[in-house]
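A.B. asks: Sequence plus predicted model, see below.
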Amino acid sequence: MEFASYLAGERWSDHPSCTHPLLAGLARLVNDHTSDLARPLLAPLIPSVIGLTGDDPRVDARIALRCAVTALPVVAAERQLAMAVSALAAEHVLAGLEGRPEGSLSEATQLALAQVPQASRWAYEFRRGVRISAKGFRRYAAPNTVQLAVRGIAQACIQDPDALLRDLLTGCIADSQAVISQETELDVDRWEEACRLTGIPESLTATT
């Protein structure tokens, strides 16, 4: 995110205004929990987060949902209930924002919940009768979900957590782009110079 602030022409910061706050938070977490060997593979994603910001509450819900659904099947058992509850809560908020029937679930959420039936049963019991507003979810639940998901994936007993974290960030960028009208503010000259200096292949960048 510091690199993104530089490329957007902002002051040097890991909290640049050019990127949605929750997406930036996810990017920082993924960066911090990725191994030193795999971290350079995140660099080509930098241009795609520049100018990707806005106030649409669906962004927070979609990011949280993808994080929960991605983490749910792989995290340790003690984290699965939290991820299952987060997935159901995000679906509840999105249903209200998108005008879908209450209780409707995306296919990805259904598949993830099916892989952890015990945690799913507990989550449905926990969520019964509990209401959460889009504002409350955005302020508290979404950031907590992102943190728990990234840490859980990084510590999971899976073959390549780095790849899963990178795919998670890539997917959340795409989810955000589907909602936000992105106004790219990338300083192309700075990006090309950075690619030359660091060896990042420009052809691999996820520009929009």
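C.D. replies: That came in fine, so what should we check first?

A.B. asks: Near Ala43, how many other residues are there?
C.D. replies: Residues within reach of Ala43, counting by other Cβ atoms under 10 Å, total 18. For glycine as for every other residue, the C-beta is placed from the backbone atoms N, C-alpha and C.

A.B. asks: So which residues of this structure form strands?
C.D. replies: Taking DSSP state E to define them, one finds no strands in the chain.

A.B. asks: which helix is the longest one in it?
C.D. replies: Longest helix of the chain, by residue count under DSSP state H: helix 77-98.

A.B. asks: give the contact list for the residue nearest to Glu98 when sequence neighbours are not counted.
C.D. replies: Among residues not flanking Glu98 along the chain, Arg58 sits closest, at 7.0 Å (Cβ to Cβ, 6 or more residues apart in numbering). By Cβ atoms under 8 Å, 6 or more residues apart in numbering, the contact set of Arg58 is 94, 97-98, 179.

A.B. asks: and if you look at Ala163?
C.D. replies: Ala38.

A.B. asks: same thing with Asp56?
C.D. replies: Counting by Cβ under 8 Å, 6+ apart, Asp56 makes contact with 179-180.

A.B. asks: What would the longest helix of the chain look like as PDB? C-alpha coordinates only.
C.D. replies: What follows is helix 77-98, C-alpha atoms only, in PDB (Å, rounded to 0.1, in the frame of the first residue of the first chain):
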ATOM      1  CA  ALA A  77     -11.600 -26.000  13.800                       C
ATOM      2  CA  GLU A  78     -11.700 -23.400  16.500                       C
ATOM      3  CA  ARG A  79     -11.800 -20.600  13.900                       C
ATOM      4  CA  GLN A  80     -14.500 -22.300  11.700                       C
ATOM      5  CA  LEU A  81     -17.500 -21.100  13.700                       C
ATOM      6  CA  ALA A  82     -16.400 -17.500  13.500                       C
ATOM      7  CA  MET A  83     -15.900 -17.800   9.700                       C
ATOM      8  CA  ALA A  84     -19.200 -19.500   9.200                       C
ATOM      9  CA  VAL A  85     -21.000 -16.800  11.300                       C
ATOM     10  CA  SER A  86     -19.200 -14.100   9.300                       C
ATOM     11  CA  ALA A  87     -20.300 -15.600   6.000                       C
ATOM     12  CA  LEU A  88     -23.900 -15.800   7.100                       C
ATOM     13  CA  ALA A  89     -23.800 -12.200   8.400                       C
ATOM     14  CA  ALA A  90     -22.200 -10.900   5.200                       C
ATOM     15  CA  GLU A  91     -24.900 -12.700   3.100                       C
ATOM     16  CA  HIS A  92     -27.600 -11.200   5.300                       C
ATOM     17  CA  VAL A  93     -26.200  -7.700   4.800                       C
ATOM     18  CA  LEU A  94     -25.800  -8.200   1.100                       C
ATOM     19  CA  ALA A  95     -29.300  -9.600   0.700                       C
ATOM     20  CA  GLY A  96     -30.600  -6.400   2.200                       C
ATOM     21  CA  LEU A  97     -28.400  -4.100   0.100                       C
ATOM     22  CA  GLU A  98     -29.100  -6.000  -3.100                       C
END
